[in-house]
Each structure stands twice: as structure tokens, then as C-alpha cells.
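Colleague: Structure here, sequence nowhere to be found:
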């Protein structure tokens, strides 16, 4: 193996690892200025009869008044045996107004958005007079948002044993965006990063194994020039 070939192969390997590392970092790091949908990493706990707010907002601040905002329960699926069944929403905002026709009957006249705050990216949902039937996960989704994180999930727990105190009034206020964290975004990125890092480790181990095995083989192998030199008789 010539010295030029050695440097060429090593530089090619270095370029490959550099490309893979940059690709992994680009997957993990959100684009600068990208708008993310952010929910809450803690469940919202309330007593039956309370009015609650499911926090969800966009960061950085982004006006969503002209976009569609969907609030749904992702664990409720349409009946596969009913071809006429359709996805129903807890709350649907479209064309700058609520669309009650596609709303679940149990949430009729019980949900509302903070219309004045939507220009600041606040898409939190207020639910009036909650009951145990309202337990579960809620998904806020902006389908036409130009982002890799268009949705977030918030869990609501309605507990009859939950003691309502003076915090009830506080819970009805518009939530501070600083109190919420990007749960879905974080979880999805962690999963992607784990997969990418695992792939990089496997490729790195395979590359190092091939590199060392090649050099060991080169050292052990006898060159044809050496064999010819051994066959020539020594001068008398």
C-alpha cells in the first residue's frame, strides 16, 4: 500500500464520519427561529365541576389567528366498522372561528380558546365543568405550521378526591408560557438521537475493526519484492 493511498483512504473515512456527525447534530438541533408547539410535562389535576385550562403555546411567539388549531383526544379512534364515522374534535378552530359541526357532543358549549392571545401564540384550551368522563390525553395540533413539531399532548386528570382550594382561581388564569416545557419535542428528539448515536457507534466499531485488521494483514503479508530478494543467491 502506497503512502498516497493510505492518506486518501483515511481522509475519505474522516469525511464520512464528519458527514454522519453533522447529520446527527442537524437532527438533534432545531433550526434557528423554528416555531415549536409546546404543552405541559405535568398532568392537569382538577375536581369534578371545575373549569380547567390545558396549556399549549408556540415558542417563539407566533401569530396563529390565521391557522387551523385542532384539539382532540388521540386515544379515541373512529369506529372502523362504521364507514361514515369521522374524527371528532374537542375543539376545532378554522378560518378565524370555532367550527362546532365537527365537535364531540359532550364538549358542546364547554370549550373555548383565548382568542385575544392567539396572536401571541397562546392556543391553550379552557374546558368548563369537567367530569370524570373528561379524563385522558388531549392533543393540540396545528396542521399547517411550518415546523417539525406541530403538536403537543396534555393530560387531564379529574379526581373526585381532589380538594379544591384557593388555587382554583389561579388555574383559571391564562397560563404563563414559561411554565410549560416541550414534552413531545423533547421525547421525539431523544428517540431520534438514541437511534443516530447507536448507528454511529456501530459504524465506528465496524470502521475501526476494518482499519486495524487491514493494517495487521498488511504487516503479516509478505511482499513479492521480499520473496524475490530472498530467492537471489548471495554474492561470493
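Modeller: Here it is on my side, so go on. From a predicted model like this one, the values you see are computed outputs, not experimental measurements.
Colleague: Would you mind measuring the gap between the ends of stretch 128-144?
Modeller: 28 Å (C-alpha to C-alpha, to the nearest Å).
Colleague: If you count contacts, what does the lengthiest strand in the chain end up packed against?
Modeller: Longest strand of the chain, by residue count under DSSP state E: strand 151-158. Packing partners of strand 151-158 (3 or more C-beta pairs under 8 Å, 6 or more residues apart in numbering; DSSP states H and E): strand 36-38, strand 44-46, strand 52-54, strand 136-141, helix 183-220. Where you see a C-beta, it was placed from the backbone N, CA and C, and this is true even at glycine.
Colleague: Which one of those has the poorest average confidence?
Modeller: When those are ranked by mean pLDDT, helix 183-220 comes last with a mean of 65.
Colleague: Show the contacting residues for residue 76.
Modeller: Taking C-beta atoms under 8 Å, 6 or more residues apart in numbering, we find residue 76 in contact with 88, 136.
Colleague: rerun that using 10 Å as the cut-off
Modeller: Contact analysis of residue 76 by C-beta atoms under 10 Å, 6 or more residues apart in numbering lists 87-88, 90, 104, 136-137.
Colleague: One more: residue 120?
Modeller: Contact analysis of residue 120 by C-beta under 10 Å, 6+ apart lists 57-58, 61-65, 114, 174, 177.
Colleague: One more: residue 104?
Modeller: Residues near residue 104 by C-beta under 10 Å, 6+ apart: 72-73, 76, 87-92, 110-111.
Colleague: and with 8 Å instead?
Modeller: Residue 104 neighbours (C-beta under 8 Å, 6+ apart): 73, 88-90.
Colleague: Hmm, which of these is lowest in pLDDT?
Modeller: Among the contacts of residue 104, residue 88 has the weakest pLDDT, 86.
Colleague: can I assume that one is in contact with residue 99?
Modeller: No - using C-beta atoms under 8 Å, residue 88 makes no contact with residue 99, being 11.1 Å away.
Colleague: Between the two, point out the one with more neighbours.
Modeller: residue 88 (17 against 14; other C-beta atoms under 10 Å).
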